[in-house]
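Asks: build me a structure from this.
(2 chains)
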Amino acid sequence: MVDIQDKELLELEEDTLKGKYLTFSLGSEYFGIEIKHVIEIIGLQPITPVPELPDYIKGIINLRGRIIPVMDVRIRFKKPPMEYDDRTCIIVVEVKDISVGLIVDSVSEVLTLPEEDIVPPPELAKTGNRYIKAIGKVGDNIKLLLDCDKLLNDDETELLSEIQ
Amino acid sequence: MPTSNMEPMFELFYFETGQYLRQLEQLIINGEKSNHFSDSAIDEVFRIMHNIKSSSAMMHLTNISSLAHAMEDLFFFLREEKPENVDFSTLSDLILNGVDFIKVELEKVKNGDPADGDNTGLIGNIKNYLNELKQKNSALDNIKAVVYFEEGCEMENIRAFNIVHQLKEIAEIIRYIPEDIMENDQSAEVIKKQGFQIIIKTHRPIKEIQNIILGTAFVRDFEIVVPEKGDEVNEVIPLGPNQSIEKISASTPEVMKENKKKTEKNNINSPQQMISVNVTKLDILLDLVGEMVIAEAMVTQNPDLKELELNNFKKAARQLRKIISEIQDIVMSIRMVPLTVTFQKMNRIVRDMSKKLNKDVVLEIVGEETEVDKNIIEQISDPLMHLVRNAIDHGLESSEERLKKGKTEPAKVIIEARNAGNEVLILVKDNGKGLDKEKILQRAKENGLLTKPESELTDREIFNHIFLPGFSTKENATEFSGRGVGMDVVTKNIETIGGSVLVDSIPGEGTTFTLKIPLTLAIIDGMNIQVGESCYTIPITSIKEFFRPKEKQIITDPDGNEMIMVRGQCYAIIRLHEVLKIQTDITDLTAGIMIMVENDEKTACLFADTVLGEQQVVVKALPAYIKKIKRLAGCALLGDGSISLILDIAGFFESRS
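Replies: Next up, the predicted model:
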């Protein structure tokens, strides 16, 4: 009985989250991540650097007793790094029980994108858009929708090799 | 983890029964040793069996409950009749076999298999034993009870029959007056006038009979006459049905005796006021307390309050800090568990092995009250068992051999625990023949395990070979040990919790294994140091000293390796800022500080900017997303909420070699 109710609740929850994206900016570009991955948005916190990590992992932060790594999305996307300022935010996402903080220039809004406004990314570059799952159209603007799973886990091999 | 798949009910049952069985084993072994079961021990065994019986019946584990029932009956008899000339060795064997059976069944159920073990043999043995005992001890005494019903309740004869019916279950009914209560309605009148008399034979306590009679409706009053054993003195206990049970017990000499017994009880065996809590809840609690400490610092050291004159606030803040630190201590102490249970388990192993191998082994336990973190206890149980088995099987000689060698003292295994600073030392000693250096050396050579020329090996290094996988000098594998697995398991298990194993041996006098284990995984005494902007923590246990180096102490070899002379000894210098790739202004060795660290008898000097101070830190694992980093053991939260990385000193030495 309880199970069924739980499942219904879960589905209901999934439903309300479906098609919603949190958008943030890196320079002039706008990105979106599925809201179901987002745990919270926090201001910039003191980051403890950890040696022997790839450069885009800036270190770890203390999120109310939980230790989570933070990733600079700019460096992850091989963009020139920028000084952190008041608008710099950390978006805490959770994918497959792994929590990671994403450092972004600024967070803009939560958008609901109907399915017809989402198109698959063009298939020109084989390497260029591996983190981009789809492209969302909002009026004349374009939001690049990120694949969180890949963003976090795509290059485990890279991570390992750098440590060694 | 299989436990998470279990129903909560079963999980509880499994846990409780396991605990009971451990207690029971202990009681039986103690009893066998002293060749006497104290009244309190028998009470306790009875209580345990009773609990196992009822809970397993509830879980529909009939084979467990029927076995427990048989054992309960046996101990009931022991308790009530106090028979003499009991053969405790047979009794212990019976009960321990039963305990083993229940353990096996429990595991079956835990793994999702049906509990289908056949217990008829065991039950049969127990029953036979009980019958033997019963025959040896004389018959029971008659108990006479007179029951008066309330006036005008009608149908006294039926009610009386009801009592008879209920008493039948626990006692043998000799006769009752009037006898024709069912056939003759007139008997009701007789009962009204004279009361209903019933004579029974039972080995149950009087209280139970009282309860049954009290439980019957409309009983106004009753008397029980118990003839004392071999005595003509009759006790009459007039009681009203409205009296509470407690009152009865207070007024019954029989029960008062029991109460007295209870107070005499050994504290360890008496049921303690305990609750069992899931460890994950404690972990969460610990985390929360850690957060609270940080939150407190954030409030009291809030920048908004700076330069304000706040006397009352400061007083209140101090009070808060005191309470919080007390809470922290308590939460820590909750996780600490005495080694008693782990050590007591060894009793059983020693007993079984000495019986089977025909070696008379005495186990001595010292310092069992030493407390260790719960997580660590779980990890050391297996290694300890291996060591004890090894000691008995390999270490100790048989009784004849000992006689030949002129060893008069009994073969002995000593398990000792004691606190040593931030560590707990667990020693497993035996007074056997000691390790055979030549044999170990030879075996090591055969297997190509030698790393150094033979002549350079110290005794200890030779002995250490026994911890390598696949190493056994025992020619024949026995049931208990000798297959070459075990010793390496010991080291592996101990190393996973950050401990180490040492072995010492004197030929002909015995072997000592020393397990060095950290007190807790959760908290370490650390020294905070600063390198550049970052704060790092070094476990105090690995620090030997720190000092500011002088120019003339420093030596650089042609390869650019830096070394330092301290009191005639030369140590390698590890520049932390280089190894950890941190920007810092202090690169001149004389401007910073040297920290001499030691791990596994290797020593080196770490170079850092400054030392910040000593602090107890809560160790947290690095997030799983960051893979294992060789030189880091984890991270710690500092009082102000910032993070410090804990250096793994062993990792520094590893990456150098």
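Asks: which residues are contacting the helix or strand hosting B:I284?
Replies: In this structure, B:I284 is located in helix B:279-300 according to DSSP states H and E. Contact with helix B:279-300 is made by A:62, A:64-65, B:317, B:320-321, B:324-325, B:327-328, B:331-332, B:334-335, B:374-375, B:522, B:618, B:637, B:639-641, as judged by Cβ atoms under 8 Å, 6 or more residues apart in numbering or on different chains. C-beta here means a position set from N, CA and C on the backbone, and glycine is covered the same way.
Asks: among the residues you listed, which lie within strands?
Replies: Using DSSP state E, the members of those that fall in strands are A:62, B:618, B:637.
Asks: got a winner among these for most neighbours?
Replies: Within these, A:N62 tops the neighbour count with 23 neighbours, counted by other Cβ atoms under 10 Å in any protein chain shown.
Asks: ok, that residue touching B:S642?
Replies: Yes. Assessed by Cβ atoms under 8 Å, A:N62 is found in contact with B:S642 at 7.0 Å.
Asks: for the stretch 351-500 of chain B, which spans come out with low pLDDT?
Replies: Regions of the stretch 351-500 of chain B meeting the criterion pLDDT under 70 cover residues B:421-422, B:470-486.
Asks: before we move on, the earlier item: buried residues in the helix holding B:I284, which are they?
Replies: By neighbour count with 16 or more other Cβ atoms under 10 Å in any protein chain shown, helix B:279-300 contains the buried residues B:282, B:285-287, B:289-294, B:296-297, B:300.
Asks: stretch A:41-56 too?
Replies: A:44, A:47-53, A:56.
Asks: tell me if it is near chain B.
Replies: Yes. Taking Cβ under 8 Å from any Cβ of the partner chain as the criterion, stretch A:41-56 and chain B are in contact, through A:46, A:48-53.
Asks: now render the ones in strands among the contacts of helix B:279-300 as JSON lines, adding distance to B:E438.
Replies: What follows is the ones in strands among the contacts of helix B:279-300, written out as JSON lines (distance: Cβ to Cβ, whole Å):
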{"residue": "A:N62", "distance to B:E438": "57"}
{"residue": "B:V618", "distance to B:E438": "49"}
{"residue": "B:L637", "distance to B:E438": "53"}
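Asks: for those, which one is nearest B:C153?
Replies: Of all the ones in strands among the contacts of helix B:279-300, the one with the least separation from B:C153 (Cβ to Cβ) is B:V618, at 68.8 Å.
Asks: what's the distance between the closest one and B:I377?
Replies: From B:V618 across to B:I377, the span is 19 Å (Cβ to Cβ, to the nearest Å).
Asks: go on, B:V579?
Replies: Distance from B:V579 to B:I377, counting by Cβ to Cβ: 35 Å.
Asks: cool, B:N51 as well?
Replies: Taking Cβ to Cβ as the measure, B:N51 falls 24 Å from B:I377.
Asks: kindly report the same for A:N153.
Replies: Distance check for A:N153 against B:I377: by Cβ to Cβ, it reads 36 Å.
Asks: who's more crowded, those two?
Replies: Under the neighbour definition other Cβ under 10 Å, A:N153 and B:I377 were set side by side, and B:I377 has more, 19 against 15.
Asks: OK, contacts around the residue nearest to the spatial centre of chain B?
Replies: Taking Cα atoms, centre = their mean, the centroid of chain B lies closest to B:V341, which sits 2.7 Å from it. Residues near B:V341 by Cβ under 8 Å, 6+ apart: B:22, B:377.
Asks: return whichever strand or helix holds it as PDB; C-alpha atoms alone will do.
Replies: Following DSSP H and E, one finds B:V341 within helix B:340-357. Extracted in PDB, the C-alpha atoms of helix B:340-357 (Å, rounded to 0.1, in the frame of the first residue of the first chain):
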ATOM      1  CA  THR B 340      34.300  -7.200  26.900                       C
ATOM      2  CA  VAL B 341      32.000  -8.900  24.400                       C
ATOM      3  CA  THR B 342      34.800  -9.400  21.900                       C
ATOM      4  CA  PHE B 343      37.100 -10.800  24.500                       C
ATOM      5  CA  GLN B 344      34.500 -13.100  26.000                       C
ATOM      6  CA  LYS B 345      33.900 -14.600  22.600                       C
ATOM      7  CA  MET B 346      37.400 -16.000  22.900                       C
ATOM      8  CA  ASN B 347      36.400 -18.000  25.900                       C
ATOM      9  CA  ARG B 348      34.300 -20.200  23.800                       C
ATOM     10  CA  ILE B 349      37.000 -20.700  21.200                       C
ATOM     11  CA  VAL B 350      39.600 -21.600  23.800                       C
ATOM     12  CA  ARG B 351      37.200 -24.000  25.400                       C
ATOM     13  CA  ASP B 352      36.300 -25.800  22.200                       C
ATOM     14  CA  MET B 353      39.800 -26.000  21.000                       C
ATOM     15  CA  SER B 354      41.300 -27.200  24.100                       C
ATOM     16  CA  LYS B 355      38.700 -29.900  24.300                       C
ATOM     17  CA  LYS B 356      39.300 -31.000  20.700                       C
ATOM     18  CA  LEU B 357      43.000 -30.700  20.600                       C
END
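Asks: now the element after that helix, going C-ward?
Replies: Later in the chain than helix B:340-357, the nearest helix or strand by DSSP H and E is strand B:361-366.
Asks: so what strands line up beside that next one?
Replies: When pairs are called by DSSP bridges, strand B:361-366 turns out to pair with strand B:411-420 (parallel).
Asks: now do the buried residues in the strand it pairs with.
Replies: When burial is assessed from 16+ other Cβ under 10 Å, strand B:411-420 yields the following buried residues: B:411-417.
Asks: swap in stretch B:149-160?
Replies: In terms of neighbour count (16+ other Cβ under 10 Å), stretch B:149-160 has its buried residues at B:149, B:156-157, B:159-160.
Asks: please consider this matter closed, and thank you.
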